[in-house]
Structures are given as structure tokens and as C-alpha cells.
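Undergrad: What follows is a predicted protein model with its sequence.
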Amino acid sequence: MENKKTFLKFTAAVIAALMLLPLSGCIKSRHIAVGAEWDGDYCYTVYDDGTAVIIAYTGSDEILRLPGEYKGKAVIGFGSKTFENCVGLRMVYLPESVTSLPPRLFVGCGDLAAIYVPAAVRSMGKNVISDCPRFKTVLYAGTAEEWEGIDIGDVPWTDNYTLVNAEVVYSVDPYSN
């Protein structure tokens, strides 16, 4: 009986260690959320590595220049549906610090006609622009070749139909107007 208890304790310890093994590298290779904070019209998730992500927007701006930093932390991305149902929003300038756009970032933005995309963006999630009937234009900071190199989903003509069918204007300087 004692050997069985020892075996069960040993087995439980091994299982616990194996379950924790994938977490052992988290601090080294990933950023860890330390909180969510509202600041004006934005809600941010703040990370321990000095970065932040915008996860909600509740403003009513028609033209929106998104901040590239929050309290000294680089804004590196967005949550899905950050701009859900922002009906009056017509134009959005994404910050230069962003390298990817999540699925369904702009959903139900009835007046959204254009977005500015920095050249640093390398991937876009499925249906990044969805149910935005007036959307027609992407102002892109990079070249046509760089645009073609962006990962925009497995089946771009269905996953990102609105984006693929938009007019893309290249080499745009967002501060020129």
C-alpha cells in the first residue's frame, strides 16, 4: 500500500511538472497582461514588457488618428472588434508601431470609407474590415511590392473580400495632410 501511495504522489508530481513546463518560458518569450485601463475614448490592455494594445474605442470621431503610445508604452496592436459599430467613423490612421491587424477589427462601421495602413503591418486577420458598406480605400505607407507581401488570410478573396476589393494608394505619408 505504501508503494502505491508513493507511486501516486510521484505520478502527480510528474504530471504537475509537465503541465507547468509550457508556462516556464512565458516570461522570456511573451508579454504578460498586467491590466486594462480606460483613458478617454480608449481601453488599453497594458503588458509587462512596456507595450499596450487598444481593445475598445467608444468615441464619435469621424477622422481618427490612433495613438502610437499610451503612458510611454508602444501601442503594438488591437483587439478583435475594437471598432465594432463605430457608425460615424469615416477615416482611421493606424499608428506606425502596429505590425498586424486582428480579425474583424472594423465591424459594422457603416460610414468607414478608408484606413491608413503603415508599412510595418505584415499580416491581417480574417475579415479585418467587415460589414462596412462604404469602405473603398486603403492608404498604404509602403510600395505595391510590400503590399503584396502582407499575409491577408488563407483565402483573401473571401476572408478579406472588402480589403482585397478596395483601391490601394501607395507611398502615403499620413502627416502630409
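TA: Perfect, thanks for sending it.
Undergrad: Quick check: G50 touching V75?
TA: No. Contact between G50 and V75 fails when scored by Cβ atoms under 8 Å: they sit 11.3 Å apart. (Each C-beta comes from the backbone N, C-alpha and C, glycine too.)
Undergrad: So which of these two has more stuff around it?
TA: Set side by side, G50 and V75 show more neighbours around V75, with 21 against 13, by other Cβ atoms under 10 Å.
Undergrad: Mind telling me what element E145 is part of?
TA: Per DSSP states H and E: E145 is located in helix 144-148.
Undergrad: how about that helix as CSV, C-alpha atoms only?
TA: Coordinates of each C-alpha in helix 144-148 appear next as CSV, following Å, rounded to 0.1, in the frame of the first residue of the first chain:
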residue,chain,number,x,y,z
ALA,A,144,2.9,47.8,-54.2
GLU,A,145,5.5,45.0,-53.7
GLU,A,146,5.3,45.4,-49.9
TRP,A,147,1.5,45.4,-50.0
GLU,A,148,1.6,42.1,-52.0
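Undergrad: give me the beta-bridge partners of A56?
TA: In this entry, A56 is beta-bridged to C43, by DSSP bridges.
Undergrad: Return the residues in contact with it.
TA: 42-43, 79, 82 (Cβ atoms under 8 Å, 6 or more residues apart in numbering).
Undergrad: one step back: buried residues of the helix holding E145, list them for me.
TA: Across helix 144-148, burial judged by 16 or more other Cβ atoms under 10 Å covers 146-147.
Undergrad: could you say what helices and strands that helix packs with?
TA: Applying 3 or more Cβ pairs under 8 Å, 6 or more residues apart in numbering; DSSP states H and E, one finds that helix 144-148 contacts no other helix or strand.
Undergrad: Other residues contacting that helix?
TA: 119, 140, 168, 170.
Undergrad: Could you single out the nearest of the contacts of A56 to Y175?
TA: Y42 (20.9 Å; Cβ to Cβ).
Undergrad: Please tell me which one of the contacts of helix 144-148 counts the most neighbours.
TA: Most surrounded of the contacts of helix 144-148: other Cβ under 10 Å gives Y140, at 21 neighbours.
Undergrad: Report the contact partners of that residue.
TA: Counting by Cβ under 8 Å, 6+ apart, Y140 has contacts 116-117, 119, 146-147, 168-172.
Undergrad: For I55, see how far away the residue nearest the centre of the chain is.
TA: Using Cα atoms, centre = their mean, the residue of the chain that lies closest to the mean C-alpha position is F78, 3.3 Å off. According to Cβ to Cβ, to the nearest Å, F78 and I55 sit 7 Å apart.
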